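Undergrad: give me a model of this one.
(3 chains)
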Amino acid sequence: MVVQQTLTLGTRGRGTYEITRQLQDVVRGSGIERGLCHLFLQHTSASLIICENADPSVRGDLERYLSRLVVDGDPVFEHMLEGDDDMAAHVRTVLTQVDMTLPIVEGRCALGTWQGVYLYEHRYQPHKRHVVVTLRD
Amino acid sequence: MVVQQTLTLGTRGRGTYEITRQLQDVVRGSGIERGLCHLFLQHTSASLIICENADPSVRGDLERYLSRLVVDGDPVFEHMLEGDDDMAAHVRTVLTQVDMTLPIVEGRCALGTWQGVYLYEHRYQPHKRHVVVTLRD
Amino acid sequence: MVVQQTLTLGTRGRGTYEITRQLQDVVRGSGIERGLCHLFLQHTSASLIICENADPSVRGDLERYLSRLVVDGDPVFEHMLEGDDDMAAHVRTVLTQVDMTLPIVEGRCALGTWQGVYLYEHRYQPHKRHVVVTLRD
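TA: Next comes the predicted model:
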């Protein structure tokens, strides 16, 4: 059995947005007990990450770290059509990932105790982001 | 149904090589309408990435960025058997990815409007690179 | 057919631990000849990587590189509850990956000649790490 659906997520600018609960709802709704849950973000300036979900300062630290690693408006960037965050967002996306596969065990994505799934918006402006979810038993 | 085939790609030195069309041809040829398309690059000095496919300067910027992030011939590297690009290529590969899964929707990989799939050669010299493609409905 | 099992791995502090043989044993035991092997590490301070498996200096170089890229106790980090390696381990994990899918061809994970699969422990202290393995033909 293959179950496929697209989640549309509104972001409010750069930062992380937890989607764990929405994912678990999709898995529960499918009735699949054992298999795989695949996520695919159809964009080049946002990512999917798994991150510690207990202390919000972890995601603040991650953002401070990435902002220094990939500097908005870096002079080596030519591609600046849409602003200083444009090319930086593409680099951040390549250094992280847009596809992710999670195991389904006993009807749920088998995340570890401290793992949350996040959409990471890399642009300053709000966007509508699409995640194609494919489940397979 | 599982369909599996290996693509052999010739590279002409460091840089990105778009493989989106070849992938879509494999998916179309399989007749699979809904499922997953998995890619696996059998190498440790080249990667698979998804990147913006409209403005070529994005991939030029990405290469300039990565060349500065992972410096060829970095003095912390001992592994230099095959030249300055050898260990840098391994690091670039670990920071990106060699496996990738894409959703198949209505008989095609459901890439976003601006997403292209690229083989990223990290070595200076031309190479033959092998990608194992596995499709599953 | 879906085969699922959890591998529990003991680490002895920061560094890479090859798990290729254990994986191949799981695949062989399943009897699956053609399909996919998915790995999922249920932690936020360790990773799964594919790396060159012939010269151990490659993994030494990778560790020296990463230690400089993600500095333990970096002053931008607020999250230091468990020590200098705590937040650095989360960043290293986001820059690498915790999920990985490998193709099964002729009853084995079809790794390239120089590819090994490694658990990368990013914490200083020994840990018990859990990898959920899901196989599908």
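Undergrad: quick one: residue A:26 is in a helix?
TA: Yes - the assignment for residue A:26 by DSSP: H, G, I helix; E, B strand; the rest coil puts it in a helix.
Undergrad: identify the residues contacting it.
TA: Residues in contact with residue A:26 (Cβ atoms under 8 Å, 6 or more residues apart in numbering or on different chains) are A:3, A:5, A:7, A:37, A:133, A:135. Bear in mind the C-beta positions are built from the backbone N, C-alpha and C, glycine included.
Undergrad: where in chain A is pLDDT low?
TA: Low-confidence segments of chain A, defined by pLDDT under 70, are absent.
Undergrad: residue of it closest to chain C, please.
TA: Closest to chain C within chain A is residue A:112: 3.1 Å, counting by Cβ to the nearest Cβ.
Undergrad: skipping its backbone neighbours, what lies nearest the residue of chain A found nearest chain B in space?
TA: In chain A, the residue found nearest to chain B is residue A:42; the distance is 3.1 Å by Cβ to the nearest Cβ. Counting by Cβ to Cβ, 6 or more residues apart in numbering or on different chains, residue A:42 lies nearest to residue B:112, which is 3.1 Å off, once chain neighbours are set aside.
Undergrad: was I right to think that neighbour contacts residue A:130?
TA: Yes - the pair formed by residue B:112 and residue A:130 meets the contact definition of Cβ atoms under 8 Å, at 7.2 Å.
Undergrad: what do those two both touch?
TA: When contacts are counted by Cβ under 8 Å, 6+ apart, residue B:112 and residue A:130 have A:41, A:42, A:43 as shared neighbours.
Undergrad: and which of the residues you listed is nearest residue C:95?
TA: residue A:41 (17.3 Å; Cβ to Cβ).
Undergrad: burial check on the closest one, number of neighbours?
TA: Taking other Cβ atoms under 10 Å in any protein chain shown as the criterion, the count of residues near residue A:41 is 24.
Undergrad: that one and residue A:95, how far apart?
TA: With distances taken as Cβ to Cβ, to the nearest Å, residue A:41 is found 14 Å from residue A:95.
Undergrad: can you check residue A:62 too?
TA: Residue A:62 sits 12 Å away from residue A:95, taking Cβ to Cβ as the criterion.
Undergrad: show me what the residue nearest the centre of chain A is bridged to.
TA: For chain A, the residue whose C-alpha lies nearest the mean C-alpha position (Cα atoms, centre = their mean) is residue A:48; its distance is 2.1 Å. Applying DSSP bridges to residue A:48 yields these beta-bridge partners: residue A:119.
Undergrad: and it, what is it in contact with?
TA: A:39, A:41, A:96, A:97, A:98, A:99, A:100, A:117, A:118, A:119, A:120, A:131.
Undergrad: helix or strand for residue A:79, which one?
TA: Under the criterion DSSP states H and E, no helix or strand holds residue A:79.
Undergrad: report how many residues lie close to it.
TA: By other Cβ under 10 Å, 19 other residues sit near residue A:79.
Undergrad: thought it was touching residue A:87?
TA: Yes - contact between residue A:79 and residue A:87 holds when scored by Cβ under 8 Å: they sit 4.5 Å apart.
Undergrad: so for these two, which residues contact both of them?
TA: Joint contacts of residue A:79 and residue A:87 (Cβ under 8 Å, 6+ apart) are B:58, B:61.
Undergrad: would you mind naming what in chain A lies close to chain B?
TA: Taking Cβ under 8 Å from any Cβ of the partner chain as the test, the list of chain A residues beside chain B reads A:2, A:4, A:38, A:40-45, A:69-70, A:74, A:76-79, A:81, A:87, A:90-91, A:93-95, A:97-99, A:101, A:130, A:132, A:134, A:136.
Undergrad: perfect, that will be all.
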